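Trainee: task: produce atomic coordinates for the following.
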Amino acid sequence: MAKHSKRYRASLKQAPKTAVPLAQAIEFIKAHPGAKFDETVEVGIRLGVDPTKSDQAVRGTVSLPNGTGKHVRVIVFAAGTQADEAKAAGADEAAFEALIEKVKGGWTEFDVAIATTDAMKEVRKLGRVLGPRGLMPNPKTGTVTDDVAAAVKAAKGGRVEFRMDRTGNIGVVAGKLSFEAGKLVENVNAILAAVAAERPASAKGIFIKSVTVCSTMGVGVPVVFNVGTGAAE
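Mentor: Residues are numbered from 1 along each chain as shown. As a prediction, the model looks like this:
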């Protein structure tokens, strides 16, 4: 097990041991960075679902009001004019056969993959490459669409995808540590609202069980939230 840095251990001693209001949690992680670079801020959410049941899987997208603060690399599986539209909207790469072959060879240096409905027949064959990395285009997340320009702009502009892992937890990027505290608070609340809206009909009891915010190398701080709505307080 890797040892934590002196900076981390010092912050851990000062970190709140019980849940605090979101603004206070953000203030703490901004005042106690875990590294010298501009760290990413992430929200960790523990859900009250049974991850072994497919009808309780939680997945969706959220458009962060203040963006993610990072360059999002977007590729689009499309042909002809749709590929041209994707490139014009800012896609890092847009093509059909050539791009499929490139990814089939193991290339995954991108953050979001978008596909037209026609292209999906072939893109599905890339499941072994894209699936394990959570990069497979999906209609539910808006990444299978014929309006590729809008999808590219949304991905570039701060739309992030969230997906429950096999233990029933979700981790979502909420911005950069250099963001103003108020902007981070807005982004986190947008994430919590989006996750709460994806509550499966079959889920029983409390849906969102805990919320924690942290920076890439920093300590996690538990956040007070509304059990009913998921909104941070």
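Trainee: rest of the way, CA atoms for contacts and neighbours
Mentor: OK.
Trainee: ok, and the closest non-adjacent residue to G106?
Mentor: V129 (6.5 Å; C-alpha to C-alpha, 6 or more residues apart in numbering).
Trainee: that's a strand at that neighbour, yeah?
Mentor: No. Looking at V129 with DSSP: H, G, I helix; E, B strand; the rest coil, it is helix, so not inside a strand.
Trainee: helix or strand with the lowest mean pLDDT in the protein?
Mentor: helix 6-14 (a mean of 81; mean pLDDT, DSSP states H and E).
Trainee: and the residue lying closest to L47 once chain neighbours are set aside, how many neighbours?
Mentor: Excluding its sequence neighbours, the residue lying closest to L47 (C-alpha to C-alpha, 6+ apart) is I208, at 4.7 Å. If you count neighbours by other C-alpha atoms under 10 Å, I208 ends up with 23.
Trainee: okay, buried residues for stretch 138-156 please.
Mentor: 138, 141-149, 151-156 (16 or more other C-alpha atoms under 10 Å).
Trainee: wait, which of those is closest to V72?
Mentor: Nearest to V72 among the buried residues of stretch 138-156, counting by C-alpha to C-alpha, is K156 at 5.7 Å.
Trainee: contacts only, for that closest one.
Mentor: For K156, the contact set (C-alpha atoms under 8 Å, 6 or more residues apart in numbering) comprises H71, V72, R73, V74, G90.
Trainee: please apply the same query to A95.
Mentor: Per C-alpha under 8 Å, 6+ apart, neighbours of A95: V76, F77, A78, A79, A83.
Trainee: E109 too?
Mentor: R73.
Trainee: A helix includes it, no?
Mentor: No. Counting by three-state DSSP, E109 is not part of a helix but coil.
Trainee: gap between it and S202?
Mentor: Using C-alpha to C-alpha, to the nearest Å, E109 is found at 37 Å from S202.
Trainee: ok, back up a step: make a markdown table from the contacts of A95 and add pLDDT and neighbour count to it.
Mentor: Converted to a markdown table, these look like this (pLDDT from 0 to 100; neighbours: other C-alpha atoms under 10 Å):
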| residue | pLDDT | neighbour count |
| --- | --- | --- |
| V76 | 98 | 30 |
| F77 | 98 | 28 |
| A78 | 97 | 27 |
| A79 | 96 | 18 |
| A83 | 97 | 23 |
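Trainee: with that, I have no additional questions.
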